[in-house]
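Novice: sequence and predicted structure below; questions after.
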Amino acid sequence: MTPGSGGTLWPLTKALANLQCLGSVQDRNFVVRLLADRLNTILQIDESPKAHLHILNIVEVCARRPDGLRALLDIIREMDEGTIHLLAVERIIAEHTADLPLWPAEERERLFALLSGMIFKDLVELYRQVAGADAPELPAETSYHEVFLTLETLNADPSGLPKPILFVEHLAFGRRSELSIELRRWADRQASRLGVVTELQKMRREFKAPPPGPPPNSPAYLVMLLRRVGLTGDRYQLDHWRQLDLSEGWRPKRGDDFTGTLDEVKRQVATLIESVETNWARYQPDIRIEMVLSGELLNLDVDQWAWEVETPLPPVPIGCRYLFAIRSLERMQAGKWHRSWWQRWEVLTDQLKNGAILPESGRRVEEDDTIVKLVADFENDPNVVSLMLSKPPDPAPGGGPEVFCALRAGIPVIVWSRADCDSDEFLTAVRELLHGDGPGDVLQRVKQLRTTAYQSHAGHVGHNLALMWDDPERLVVPADLGPPRDPREAA
């Protein structure tokens with residue numbers, strides 16, 4: 001046999017030949033014995049005093065099994081841990097095994113035959129339980145074929161068990177005894193083939209039925225990011241993230257981007273909201289909508305956009321149906337501002353345990369205030385957590401000096417009127433919203449005010465009240481990396 005006949009396995013053979021654990025015939029035969037034990041099979045490998053030829057024979061036999069090269073790597077890692085030559089072997093095996101199936105096609109077909117004709121309730125819910133928060137979304141009406149094939153593309157869980165085996169174990173739970181036994185036999189065969197029998201047995205000992213999802217009324221988030229793109233000024237890009245279950249922390253899944261005119265974006269926003277309403281309905285979550293805006297767009301009336309694409313009734317604004325808040329793109333990007341942001345957010349959350357923001361922690365921009373005075377006040381008082389603007393944000397980068405000053409100082413709550421920031425009605429409403437002792441928290445009070453405005457006269461303060469409620473614990477744009485790039489800007 002020549003190097004050429006080894007095909008793409010020859011680079012791996014040469015890399016393995018540098019390892020001390022394969023230096024002699026005795027060493028190589030010892031590795032073969034360990035391989036046979038690991039794979040629970042007899043390996044027919046031709047021995048040779050020529051190291052490269054003997055190693056090539058080992059590699060070829062391992063490559064015929066979906067788990068063979070992985071098993072070989074596990075063994076030599078234990079014997080040559082930390083050597084520089086091992087890195088090259090790991091890289092080559094990773095390239096070889098990237099597209100290898102976990103099991104033969106006939107095993108997959110055998111499983112599908114077992115499941116044929118079965119009706120599985122909550123299949124999407126079970127998929128999410130097994131796949132994890134970052135897994136690709138599947139349609140609400142899916143099949144076990146689609147779930148299984150999707151799980152085959154995902155990394156194993158932390159224990160090392162492939163996710164399809166976990167899925168089969170969950171399917172076996174609570175089924176009739178004959179089917180349950182056959183499904184577990186299938187899982188046993190695959191675990192033995194992949195060398196994860198111990199992990200499978202441990203999982204079975206610890207196994208509990210998958211939870212039915214987050215409890216009703218748990219917070220769920222749809223976060224959208226809107227920014228202007230292109231040179232004409234009339235095109236916008238809408239990015240979005242969503243997360244139903246926050247039990248494992250903030251890990252939102254990003255969806256597809258959308259680019260269009262402002263009217264087209266409004267329709268897309270409604271489409272996204274309808275989508276989460278449909279997909280999350282059975283869990284009855286407390287859906288919260290947030291819009292991350294660049295400074296120049298802060299004064300858009302996004303809370304008044306319709307939440308439905310089409311309706312024969314008067315359109316209902318987003319801010320009347322959901323807890324809704326504006327967030328700042330500039331601050332999310334600026335890591336150098338985050339320390340103050342976190343500090344003031346901690347002050348805010350501590351005060352909210354009593355239902356409202358303390359009046360002395362709120363600041364209003366007065367007529368005789370200068371920006372320098374505002375900066376100094378923020379520097380001197382770390383307990384200020386809310387700011388009432390003297391005028392709406394400017395349609396310019398940063399939203400104007402008042403907004404910029406507040407963002408830089410870490411003020412998490414900023415409120416203004418898109419109509420008149422000096423009206424008595426607005427000032428009274430803000431005092432009640434932020435500092436009053438009425439029912440609900442601040443966001444719930446704002447929603448109630450907007451709902452009251454919806455059924456009231458056109459000049460009601462709730463139509464134009466804007467609230468930034470900016471939580472540093474839930475970022476969607478990493479600090480200092482900038483917003484998602486418009487692909488056309490690179491053209």
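Specialist: Received the coordinates, thanks.
Novice: how near is the nearest residue to Pro214 once chain neighbours are set aside to Asp256?
Specialist: Distances taken as CB to CB, 6 or more residues apart in numbering place Asp245 nearest to Pro214, at 4.5 Å, with adjacent residues excluded. Heads up, the C-betas are built off the backbone N, CA and C, glycines and all. Separation of Asp245 from Asp256 (CB to CB, to the nearest Å) stands at 21 Å.
Novice: next one: Ser328 from Gln268, what distance?
Specialist: For Ser328 relative to Gln268 (CB to CB), the value is 22 Å.
Novice: same thing with Val477?
Specialist: From Val477 to Gln268 the distance is 19 Å (CB to CB).
Novice: can you give me the end-to-end distance of stretch 224-242?
Specialist: Its start and end residues considered, stretch 224-242 measures 9 Å (CA to CA, to the nearest Å).
Novice: and it, how far out from the chain's middle?
Specialist: 20 Å (CA atoms, centre = their mean, to the nearest Å).
Novice: hmm, back to that, count of neighbours near the residue nearest to Pro214?
Specialist: 19 (other CB atoms under 10 Å).
Novice: tell me the SS of it?
Specialist: Put simply, Asp245 is coil when judged by DSSP: H, G, I helix; E, B strand; the rest coil.
Novice: quick check: it touching Pro219?
Specialist: No. Asp245 lies out of contact with Pro219 (CB atoms under 8 Å); the separation is 9.8 Å.
Novice: neighbour count: Ser328 and Gln268, which is higher?
Specialist: Ser328 (25 against 20).
Novice: show the contacting residues for that one.
Specialist: Val292, Leu293, Gly295, Leu298, Leu407, Met468, Asp470 (CB atoms under 8 Å, 6 or more residues apart in numbering).
Novice: touching, the fourth one and Glu330? I think so.
Specialist: So that's Leu298. No. Taking CB under 8 Å as the definition, Leu298 is not a contact partner of Glu330, at 9.6 Å.
Novice: find residues that contact each of those two.
Specialist: In contact with both Leu298 and Glu330: Gly399, using CB under 8 Å, 6+ apart.
Novice: pLDDT value on the closest residue to Asp27 other than its chain neighbours, please?
Specialist: Leaving aside its sequence neighbours, Asp27 sits nearest to Cys21 (CB to CB, 6+ apart; 5.7 Å). Here the pLDDT value assigned to Cys21 is 88.
Novice: now do Ile42
Specialist: 77.
Novice: show me what contacts it?
Specialist: Contacts of Ile42 by CB under 8 Å, 6+ apart are Ala36.
Novice: how many neighbours does the residue nearest to Asp27 have?
Specialist: 19.
Novice: and if you look at Gln343?
Specialist: So Gln343, with other CB under 10 Å, has 15 neighbours.
Novice: so what strands line up beside the helix or strand encompassing Asp239?
Specialist: Per DSSP states H and E, Asp239 falls inside strand 235-243. If you go by DSSP bridges, strand 235-243 pairs up with strand 219-229 (antiparallel), strand 253-254 (antiparallel), strand 258-260 (antiparallel).
Novice: now do the buried residues in the last one.
Specialist: So the one you mean is strand 258-260. Of the residues in strand 258-260, those buried under the neighbour-count criterion (16 or more other CB atoms under 10 Å) are Phe258, Thr259.
Novice: between the following helix or strand past it and strand 235-243, how big is the angle?
Specialist: Remark: after strand 258-260, the chain's next helix or strand is helix 262-280, criterion DSSP H and E. Going by axes from the mean of the first three to the mean of the last three CA atoms, to 10 degrees, helix 262-280 is angled at 10 degrees with respect to strand 235-243.
Novice: what helices or strands is helix 262-280 leaning on?
Specialist: strand 219-229, strand 235-243, strand 258-260, strand 286-293 (3 or more CB pairs under 8 Å, 6 or more residues apart in numbering; DSSP states H and E).
Novice: mind putting the ones you listed in JSON lines, mean pLDDT included?
Specialist: Below are these laid out as JSON lines (pLDDT from 0 to 100):
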{"stretch": "strand 219-229", "mean pLDDT": "96"}
{"stretch": "strand 235-243", "mean pLDDT": "95"}
{"stretch": "strand 258-260", "mean pLDDT": "96"}
{"stretch": "strand 286-293", "mean pLDDT": "97"}
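Novice: and the ones you listed: which comes nearest Ile414?
Specialist: For these, proximity to Ile414 was assessed by CB to CB; strand 286-293 is nearest, at 11.7 Å.
Novice: using CSV, write down the CA coordinates of the next helix or strand after that closest one.
Specialist: Next helix or strand after strand 286-293 toward the C-terminus (DSSP H and E): helix 318-321. Extracted in CSV, the C-alpha atoms of helix 318-321 (Å, rounded to 0.1, in the frame of the first residue of the first chain):
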residue,chain,number,x,y,z
ILE,A,318,-48.4,47.7,20.7
GLY,A,319,-48.1,49.8,23.9
CYS,A,320,-51.7,49.1,24.8
ARG,A,321,-51.4,45.3,24.5
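Novice: residues in contact with helix 318-321?
Specialist: By CB under 8 Å, 6+ apart, helix 318-321 touches 269, 273, 289, 302-307, 324, 446-447, 450-451, 454.
Novice: after it, which helix or strand is next?
Specialist: strand 323-328.
Novice: need the contacts of Ser328 in TSV (columns: neighbour count and distance to Thr370).
Specialist: Putting the contacts of Ser328 into TSV (neighbours: other CB atoms under 10 Å; distance: CB to CB, whole Å) gives the following:
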residue	neighbour count	distance to Thr370
Val292	26	29
Leu293	23	26
Gly295	21	20
Leu298	28	22
Leu407	26	18
Met468	26	22
Asp470	24	24
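Novice: which PyMOL command selects the buried ones in the contacts of helix 318-321?
Specialist: In PyMOL, a selection of the buried entries from the contacts of helix 318-321 looks like this (16+ other CB under 10 Å):
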select buried, resi 269+273+289+302+303+304+305+306+307+324+446+447+450+451+454
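Novice: closest one of the contacts of helix 318-321 to Leu115?
Specialist: Nearest to Leu115 among the contacts of helix 318-321 is Ile273, at 35.0 Å by CB to CB.
Novice: give me the distance between the residue lying closest to the closest one once chain neighbours are set aside and Ile357.
Specialist: If the residues on either side of it in the chain are set aside, Ile273 comes closest to Trp307, at 4.8 Å by CB to CB, 6+ apart. Distance of Trp307 to Ile357, given as CB to CB: 28 Å.
Novice: same thing with Asn383?
Specialist: From Asn383 over to Ile357 (counting by CB to CB), the distance is 10 Å.
Novice: and these two? which has more neighbours close in?
Specialist: Between Asn383 and Ile357, Ile357 has the larger neighbour count (other CB under 10 Å), namely 21 against 13.
Novice: roughly how far is stretch 253-273 from the heart of the chain?
Specialist: That offset, for stretch 253-273, works out to 18 Å (CA atoms, centre = their mean).
Novice: endpoint to endpoint, that stretch covers what distance?
Specialist: 15 Å.
Novice: what residues sit buried inside that stretch?
Specialist: By neighbour count on 16+ other CB under 10 Å, the buried set for stretch 253-273 is Gly255, Asp257, Phe258, Thr259, Val265, Lys266, Arg267, Gln268, Val269, Ala270, Leu272, Ile273.
Novice: please apply the same query to stretch 309-322.
Specialist: Result for stretch 309-322 [16+ other CB under 10 Å]: buried residues Pro315, Pro317, Ile318, Gly319, Cys320, Arg321, Tyr322.
Novice: same check on stretch 124-134?
Specialist: By 16+ other CB under 10 Å, the buried positions in stretch 124-134 come out as Val124, Leu126, Tyr127, Arg128, Gln129, Val130, Ala131, Ala133.
Novice: and the pLDDT for the fourth one?
Specialist: Okay, so that is Arg128. Note on Arg128: pLDDT of 82.
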